[in-house]
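Novice: Sequence first, then the predicted structure:
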Number of protein chains: 2
Amino acid sequence: MSLRDEVVRVAEQTRNAARSAAKLPMTAKETILLKAAEALRGQRSFLQEANAKDLEVGKSRGLSKAMMDRLTLSDKVIEDTARGLEEIAAFPDPVGEIVRMWIRPNGMRVGRMRIPLGVIGIIYEARPNVTADAAALCLKAGNAVILRGGSEAANSNEAVVAILKRVLKEQGVDEHIVNLLPTTDREAILHMLELEDLIDLIIPRGGEELIRFVAQNSRIPVIKHYKGVCHLYVDEAADIEMAIRLGFNSKVQRPGVCNAMETLLVHKDIAEAYLPAMAKRFREAGVELRGCERSCKIVPYMKPAAEDDWYAEYLDLVLAVRIVDSIDEAIDHIALYGSFHTESIVTKNYMAAQKFLNEVNSSSVIVNASTRMSDGGVYGLGAEVGISTTKIHSYGPMGVEDLTTTKFIVFGDGQIRE
Amino acid sequence: MSLRDEVVRVAEQTRNAARSAAKLPMTAKETILLKAAEALRGQRSFLQEANAKDLEVGKSRGLSKAMMDRLTLSDKVIEDTARGLEEIAAFPDPVGEIVRMWIRPNGMRVGRMRIPLGVIGIIYEARPNVTADAAALCLKAGNAVILRGGSEAANSNEAVVAILKRVLKEQGVDEHIVNLLPTTDREAILHMLELEDLIDLIIPRGGEELIRFVAQNSRIPVIKHYKGVCHLYVDEAADIEMAIRLGFNSKVQRPGVCNAMETLLVHKDIAEAYLPAMAKRFREAGVELRGCERSCKIVPYMKPAAEDDWYAEYLDLVLAVRIVDSIDEAIDHIALYGSFHTESIVTKNYMAAQKFLNEVNSSSVIVNASTRMSDGGVYGLGAEVGISTTKIHSYGPMGVEDLTTTKFIVFGDGQIRE
């Protein structure tokens, strides 16, 4: 069987299973997720044996320490994953919700009912815990899923999927609701991305290179985010103490993630009062500051920023700083250099808050809170499937609900078109 | 300037204009739409002169009568188009609506606010009235639009766009909110479909061939529907008189459109009571019937259906008829042969209605009404931008609201991530 045929076979099995996934009652999905959590815990040694093989190969390939860390299914990672499944089990089930219903002049009631998307393809890299996580989120929304993990985690992913399939079978449910591509060959991704009649949505999770590869080769809709160049704008009417706290948290609390601040914009009339104190806190935390000309005059130990710095996603203890003449200049800066992820304003001024909320169209627009708050969990969506920085279908953190769509339903009593 | 450069230039102008389109106040959009309606009426002779050129070329190219009809900007078409713009002006404005807002344990309020998509590309064929219509719908939702009409209507489309641009300028608004590609060369479509950083969504309107061409070549998300193989299922518990009325309306009222019924499914226990009377009505209306073996036994003048008939979108006075043993068989038939457009059940039985509603996941699922009711106008969405039979972003008839997305907005008072 050719590689392409193999990929098609898996996709067809998943497509068939999607109909039974869509029909699963709430309670059946809950039971499956709880049993899966139990099984992951109970079969820890089975998982860790498989994982050990991956770790060995990883070591011989000279993977970085960070990569090896992400690859490791430690007791803690397994426990966290199991707890994650239990949390997903406890979410409200989105399927079947009637989000609105209205009546028409002819007496017909028209509504929109939430239904699963069908088959979701998840393409991801080294973390084997994503396997259980992504499968659980898709299942909760009534979807079937095709997983394509990275080669580094091949044995671990197979073990996780084997456990999930066993639970599905024990519950009398089609095991093909969760499928793993049988090969980690990159060519298999290309074959997968052609199957627009079998797969409804592709979600790539991983580095920018993987995401671009997927986006450029897919016939299937892709939900993606490339990067997070997040801004905090300190308005002239900011509470300075709050602006320091939010600035510090936005940059320093976890600099390596996509909702960390990358550029600090400061109104000219507050810069002298705010920047020196803020910069001092940053310097103490080891943050390298790269400022515009005016910022450097106020804080002499800043390095001068180059044009590239305004576009940069450092993911590190580095920050670009720019003084702006007005809120309009801040909004223009964000429109030009931003990546549609998250922007926050610090202000006590009602008009400024409203203007920022209305005119910045990034996926999260925040007033008086850290950019780090932009997160599915923090927002109360439950677990996050990913973040979308493109506007089609979903924009911002994606929860289980974003793995559904709505169909129109109509209750008539004999209406015809005249 | 190369063709590609020209397309990029237009797309860049539109992208720049999208920011001002997004900020337009409700009342400004209303005024523009009302003034545009007035201008179309007032400049009827200018429009018809341009249209005459297209008609002349069309005649010399030997376009079919139907094509020539669709191409003609008669007084009536211009009046209808102007009225359409007035109706769109009167719709509720979706931009800025906060669709939900909730509070988090840390006191943060999180909500989702409706915003425009940005730049929408509409690729369509001969009808020049689509030009005004599509531009108006995009504008109402705060978007900028790039139109690419067919070569047959080149002069008419240019005239319509010239009028719209003049209105925009008179209102002090960026005229590039509405742009027409300067060429109808098909290669220009290919260049347009590559500009994923400049265009947010592509909506092709036209024949299946055009739609497939667009879908297969686009880097930009495409919302599309290929065809409507719509089913009416007459349940064993149907009201026979209603089933005849709905069957007749679904097939005969306007057979050439996508929400007309193409296959009639009949429960075996009602077939003898229902089919002869229904078939008689169809025969009187000149409908050719192609039945399964059992149907042909009950109605001897039916032709036997071949496997292909279950997939067929006749768009004509032809109907496939099949007797099924159960509602499950009807649902399976729809899942196998359907096109996710519209399916309707006729029944007095509560359980059957619920089962059909829950298990059929086409974009419109109807109980006791004609398939012809599946329409943006009939549903109360106002004008229809198109119909989507794929589940990403929008599923079913698309109204102005479907030309928006939601961003997350957050009202904090200093929250940070711990």
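Specialist: Cool, the structure landed. A quick note: this is a predicted structure, and the numbers were derived from the prediction, not measured.
Novice: mind listing the helices for the stretch 201-350 of chain A?
Specialist: A:208-217, A:240-252, A:268-284, A:293-298, A:327-337, A:350-359 (DSSP state H, counting those that start in this stretch).
Novice: can you list the residues that contact stretch A:7-21?
Specialist: A:1, A:116, A:118-119, A:139, A:142-146, A:173-177, A:179, A:181-182, A:188, A:191-192, A:195, A:198-199, B:335 (C-beta atoms under 8 Å, 6 or more residues apart in numbering or on different chains). (C-beta placed from N, C-alpha, C; glycine too.)
Novice: mind running it again at 7 Å?
Specialist: A:116, A:118-119, A:139, A:142-144, A:146, A:173-174, A:176-177, A:179, A:181-182, A:188, A:191-192, A:195, A:198-199, B:335 (C-beta atoms under 7 Å, 6 or more residues apart in numbering or on different chains).
Novice: thinking again about what came up before, tell me which of the helices of the stretch 201-350 of chain A is the most buried.
Specialist: Compared across those, helix A:240-252 shows the largest average neighbour count, a mean of 22 (mean count of other C-beta atoms under 10 Å in any protein chain shown).
Novice: ok, that one near chain B or not?
Specialist: Yes: using C-beta under 7 Å from any C-beta of the partner chain, helix A:240-252 comes into contact with chain B via A:242, A:245-246, A:249.
Novice: Identify, from those, the entry nearest to chain B.
Specialist: residue A:249 (3.7 Å; C-beta to the nearest C-beta).
Novice: Please tell me how far the residue nearest to the closest one when sequence neighbours are not counted sits from residue A:260.
Specialist: Using C-beta to C-beta, 6 or more residues apart in numbering or on different chains and skipping the chain neighbours, the partner closest in space to residue A:249 is residue B:416 (3.7 Å). For residue B:416, the distance to residue A:260 equals 12 Å [C-beta to C-beta, to the nearest Å].
Novice: what does residue A:8 give?
Specialist: 41 Å.
Novice: And residue A:347, by the same measure?
Specialist: Distance from residue A:347 to residue A:260, by C-beta to C-beta: 21 Å.
Novice: if we can go back for a sec, in strands, which of the contacts of stretch A:7-21 appear?
Specialist: A:116, A:119, A:144, A:146, A:179 (DSSP state E).
Novice: How many residues are close by residue A:303?
Specialist: Counted by other C-beta atoms under 10 Å in any protein chain shown, the residues lying close to residue A:303 total 12.
Novice: That one and chain B: what is the separation?
Specialist: 27 Å (C-beta to the nearest C-beta, to the nearest Å).
Novice: hang on, the earlier thing: which one of residue A:8 and residue A:260 is surrounded by more residues?
Specialist: residue A:260 (26 against 17).
Novice: how close does the more buried one get to chain B?
Specialist: Taking C-beta to the nearest C-beta, one finds residue A:260 at 10 Å from chain B.
Novice: can I assume that residue is in contact with residue A:251?
Specialist: Yes: Residue A:260 is in contact with residue A:251 according to C-beta atoms under 7 Å; the separation is 6.2 Å.
Novice: Distance check, the residue nearest to residue A:249 against residue A:250.
Specialist: Applying C-beta to C-beta to residue B:416 and residue A:250 gives a distance of 8 Å.
Novice: Overlap of the contact sets of these two?
Specialist: residue A:370.
Novice: Any chance you could list what contacts stretch A:335-352?
Specialist: A:225-235, A:237-239, A:242-243, A:246, A:250, A:258-259, A:310-311, A:327, A:334, A:353, A:356, A:360, A:362-371, A:374, A:389, B:19.
Novice: How far does that stretch stretch from one end to the other?
Specialist: This stretch, stretch A:335-352, spans 17 Å end to end (C-alpha to C-alpha, to the nearest Å).
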